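Participant: Have a look at this prediction, sequence included:
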Amino acid sequence: MSNSPILSIEAGQAHIDLLIGDITALDVDAVVNAANEALSPGGGVCGAIFRAAGPELKTECESLGGCETGDAKITRGYRLSARHVIHAVGPVWGGGKRDEDALLASCYRQSLELAVANGLASLAFPAISTGIYGYPADRAARIATGTVVSELSAKPRGITRVVLCCFDAQSAQCYVEALTEMGLA
């Protein structure tokens, strides 16, 4: 997997890079974990982040009392290149009838807010909720890109770089299509 951007755009004072790569190896201030409500190690990107960060991450997460769907919490990054992990809890897809779109947008917004509140200039997002949570990848990519671009364009926040990190080319294509629909690609 390459960490070279497939696409780069500007949003406000920030630079957004789309890439296919290993989120655990990125040199950013924070990586966003597609977390569960218990903030416990899971599968997919969540499991990979916990494995790469080491056992200290699990210990710190156990002290946080979980996290509601649509919200996010921050921890140290431990053995990751990133100094922090932002744990964002996306919704389980239920057919779109349980406010999933608003909850997914909220976890992206909350992650950005935590980055700003903690003085972080760069962060990397995975495709939240698209793995075992079953969220349709194309729909999730439209919500992710729309929320991130809107939030970064609205006002200066101190964030200079956001990475949309995809696991494979199929996921990346969903982001390219979403950015194209927005007139940004």
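Facilitator: That came through fine.
Participant: hey, let's count contacts and neighbours off CA atoms from now on
Facilitator: Will do.
Participant: Was I right to think Val162 contacts Gly12?
Facilitator: No - between Val162 and Gly12 there is no contact under CA atoms under 8 Å: 11.6 Å.
Participant: low-confidence ranges in this structure?
Facilitator: 1-3, 156 (pLDDT under 70).
Participant: mind listing the helices for it?
Facilitator: 44-53, 55-62, 100-117, 137-154, 169-181 (DSSP state H).
Participant: How far does the shortest one sit from its chain's centre?
Facilitator: It stands for helix 55-62. From the chain centre to the centre of helix 55-62 is a distance of 19 Å (CA atoms, centre = their mean, to the nearest Å).
Participant: how close does the residue lying farthest from the centre of the chain get to Leu103?
Facilitator: Largest separation from the mean C-alpha position in the chain: Lys97, at 22.9 Å (CA atoms, centre = their mean). Distance of Lys97 to Leu103, given as CA to CA, to the nearest Å: 12 Å.
Participant: what does Tyr78 give?
Facilitator: According to CA to CA, Tyr78 and Leu103 sit 28 Å apart.
Participant: on that earlier part again, can I get the helices of the chain in a markdown table with distance to Gly131 and mean neighbour count?
Facilitator: Below are these laid out as a markdown table (distance: least, CA to CA, whole Å; neighbours: other CA atoms under 10 Å):
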| stretch | distance to Gly131 | mean neighbour count |
| --- | --- | --- |
| helix 44-53 | 7 | 19 |
| helix 55-62 | 21 | 15 |
| helix 100-117 | 13 | 21 |
| helix 137-154 | 9 | 19 |
| helix 169-181 | 11 | 18 |
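Participant: Tell me which of the ones you listed sits nearest to Asp22.
Facilitator: Nearest to Asp22 among the helices of the chain is helix 44-53; the distance by CA to CA comes to 9.0 Å.
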